[in-house]
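Novice: I would like the atomic coordinates for the input below:
(2 chains, ligands or ions: 2)
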Amino acid sequence: MFYREAGQYKTSYAADQATFPILQDRIGIGIILFVAAVIIPLFGNDFLLQAVMTPFLVFALATIGLNLLTGYTGLLSLGTGAFMGVGAYACYKLTTIFPDVNIIVWIVCSGFFSAAVGVLFGLPSLRIKGFYLAVATLAAQFFLSWCFIRVPWLYNYNVSGAIEVPQRSLFGIPVTGPNSAPVTRYLIVLTIVVVMTWLASNLIRGRIGRMWMAVRDMDIAAELIGIRLLNTKLLAFAVSSFYCGVAGAMMVFLWYGGAEADVFSINQSFTILFMVIIGGLGSLVGSFFGAALIYILPIILRFVPAELGVPLNAATVEHLTFIIVGALIIVFLIVEPHGLARLWQIAKQKLRVWPFPY
Amino acid sequence: MRAPSESDIAAGEVLLAVENVSLSFGGVKAIRDVSFDIRKGEIRAIIGPNGAGKTSMLNVINGFYTPQEGRITFRGQTRNKMRPHDAAAGGIARTFQNVALFRGMTALDNIMAGRSLKMHRGLFWQLIRFGPAMAEEVEHRLRVEEIIDFLHIQHIRKVPVGRLPYGLQKRVELGRALAMEPDLLLLDEPMAGMNLEEKEDMSRFVLDVNQHYGTTIALIEHDMGVVMDLSDRVVVLDYGQKIADGTPDEVKKNQAVIDAYLGVAH
Ligand SMILES: Nc1ncnc2c1ncn2[C@@H]1O[C@H](COP(=O)(O)OP(=O)(O)OP(=O)(O)O)[C@@H](O)[C@H]1O
Ligand SMILES: [Mg+2]
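Specialist: Numbers count the residues shown, from 1 in each chain, chains lettered A, B, ... in the order given. Ligands and ions are numbered 1, 2, ... in the order given. Below you'll find the predicted structure:
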């Protein structure tokens, strides 16, 4: 079957505004979801679930979070790591104080805490833009990193100074802690990421998404059509930080199983920012591409050459990753700010008219 | 030629009154003690040589600049200071001399964005995008499609505006302003840089908007032919001062205006 729009007439504006207006896209997304939710859990080994898919999804969610702020609203933030940390520490405190409430509820609720913190540190965005705003969020990053180390209450005074994830169950099945199965954790992460991605895609196609993009593209004209800049920017900070917070909570509770403060350092902020840039500013699909490329590339570099009989040592893999990612960032920043997502779009465009050149 | 009287403003015949407005940027006096009014339903042209203060005047009217002196009365309400988004909420829309579209968005989204103020479903419904949220989206899409038909831009609906030629961008920008269903529409050189055919189209849109929707229009334009054809009354600025005010014919004959345009030394 050809990838075609022709013949698929939209009979209503509601259909025209659907998430996937083209039939082939709907089939494609159905297949991806089927593979992710059925094939991978059934046939994937623990390594794939635990060390590839779960982290990839967690990073993808954080990347979507930052993309809502930077790609859609045009506000650069270097505090992503810290906002993820707020989610993780909030989840830890909540589940220690209220152990009987289901952990999944707390993972999602922890997003509200990072949203609140995000709004607080987003306040300067009314007055400052671009580079200066990035510096302000950098200050937030360092302040919060300091809190994660210096406020022992946050990690329940553990001597290790780290979050130690307790065991929590859902319907009698352990979902966090050392006894939980990778497949259980993967399925929870997958569910949360799929639902939140769907919500984000709704948001950006509606009034609020248009307001964000208006502020990004031309704030003067946005104000002129009645958009209140501060409210709109703060909402972007809130929603973005919410996503990052949930990603942070999932990172600790459903992937690492425990974490120290340096997980949420400035390095994490940069990693997520690179994922946004490589995937494509202002694209949800791109967020997945970016997360996949940066997280999965080193894994491939480690295993594929080894299979081919030329094993690379860990240091080489790390250096190679740096070189490739660094080069890609420069290339994308200069020639294609819309990143991998744009390449994907071009490919689809070609497919739409294939086998004809136009 | 007459100044806005208190009784006119009270009667509501005058939609907007500018009284003794002065605006300066540091040493540059962009507007000096200018008064004029815009009556309901008219097309009011603002003309003058380059740097006369026309754009600055629009910026004062919709709240981008706060004048150092003077008063502005819109729909019977006098204000000292107003933010642009308040002006928008009050029913003032505008287009820019240099197109100010949202370049990364499609023509459709640009015009839909113009309806932001009229849409009320909050974050929850926007996230769900179902039921009432979708109903609202479709309702406003219908209005926007009317505007798209009116401006004959159906074919470029889904094109990011950054890729459109200049003439079409100007049209989309007008569409975005119309989507706000304003009481007062400020157009800053809507025909600048257009060829004759595009100018004729744009002139027709301006007239149609005025006649069919009853929208009051303030129009800055350099093309005298267009000004004479379209406008009911003309105010002429030169070096920030008002030098003439009246019907196109009156203004055309005014010696001060002729001097200003021919560049007689001051
Ligand atoms: N933001 C600003 N800062 C400083 N000076 C300004 C500013 N805006 C306008 N001016 C000055 O005010 C004067 C009037 O400018 P304005 O843009 O209103 O003129 P105009 O009548 O719209 O001219 P044009 O026909 O060229 O568009 C000019 O001398 C200009 O240099
Ligand atoms: Mg001007």
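
Novice: Roughly how far does residue B:20 sit from ligand 2?
Specialist: 22 Å (C-beta to the ion, to the nearest Å). In short, each C-beta sits where N, CA and C put it, glycine included.

Novice: That residue against residue B:68, yeah?
Specialist: No. Taking contact to mean C-beta atoms under 8 Å, the distance of 10.9 Å between residue B:20 and residue B:68 leaves them out of contact.

Novice: what number of residues lie near residue A:94?
Specialist: Here the number of neighbours of residue A:94 (other C-beta atoms under 10 Å in any protein chain shown) works out to 19.

Novice: One more: residue B:132?
Specialist: A total of 11 residues lie near residue B:132 under the criterion other C-beta under 10 Å.

Novice: And residue A:349, by the same measure?
Specialist: A total of 11 residues lie near residue A:349 under the criterion other C-beta under 10 Å.

Novice: in what helix or strand does it lie?
Specialist: In this assignment (DSSP states H and E), residue A:349 forms part of helix A:339-353.

Novice: That helix near chain B at all?
Specialist: No. Where contact is defined by C-beta under 8 Å from any C-beta of the partner chain, no part of helix A:339-353 touches chain B; the two come within 11.3 Å at best.

Novice: Does the nearest residue to residue A:227 once chain neighbours are set aside lie in a helix or a strand, and which?
Specialist: By the measure of C-beta to C-beta, 6 or more residues apart in numbering or on different chains, the closest residue to residue A:227 outside its immediate chain neighbours is residue A:211, 5.2 Å from it. Residue A:211 is located in helix A:207-217, with elements delineated by DSSP H and E.

Novice: Point out the other helices and strands that that helix packs with.
Specialist: Judged by 3 or more C-beta pairs under 8 Å, 6 or more residues apart in numbering or on different chains; DSSP states H and E, helix A:207-217 is in contact with helix A:182-205, helix A:219-224, helix A:229-250, helix B:107-113, helix B:123-128.

Novice: Turn those helices into JSON lines, columns for mean neighbour count, distance to residue B:168 and mean pLDDT.
Specialist: Formatted as JSON lines, the entries for the helices and strands packed on helix A:207-217 read as follows, by neighbours: other C-beta atoms under 10 Å in any protein chain shown; distance: least, C-beta to C-beta, whole Å; pLDDT from 0 to 100:
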{"stretch": "helix A:182-205", "mean neighbour count": "19", "distance to residue B:168": "23", "mean pLDDT": "96"}
{"stretch": "helix A:219-224", "mean neighbour count": "22", "distance to residue B:168": "17", "mean pLDDT": "94"}
{"stretch": "helix A:229-250", "mean neighbour count": "26", "distance to residue B:168": "27", "mean pLDDT": "97"}
{"stretch": "helix B:107-113", "mean neighbour count": "27", "distance to residue B:168": "8", "mean pLDDT": "97"}
{"stretch": "helix B:123-128", "mean neighbour count": "17", "distance to residue B:168": "29", "mean pLDDT": "94"}
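
Novice: closest to residue B:218 out of those helices?
Specialist: Of all those, helix A:219-224 sits nearest to residue B:218, with 14.6 Å by C-beta to C-beta.

Novice: quick one: that closest one near ligand 1?
Specialist: No. Shown here: helix A:219-224 not in contact with ligand 1 (C-beta under 6 Å from any ligand atom), separated by at least 11.8 Å.

Novice: swap in stretch B:171-190?
Specialist: No. Taking C-beta under 6 Å from any ligand atom as the criterion, stretch B:171-190 and ligand 1 are apart, separated by no less than 6.7 Å.

Novice: Need the pLDDT of the residue sitting nearest the centre point of chain B.
Specialist: Compute the mean C-alpha point of chain B, and by C-alpha atoms, centre = their mean the closest residue is residue B:186, 0.9 Å away. Among the per-residue scores, residue B:186 shows a pLDDT of 97.
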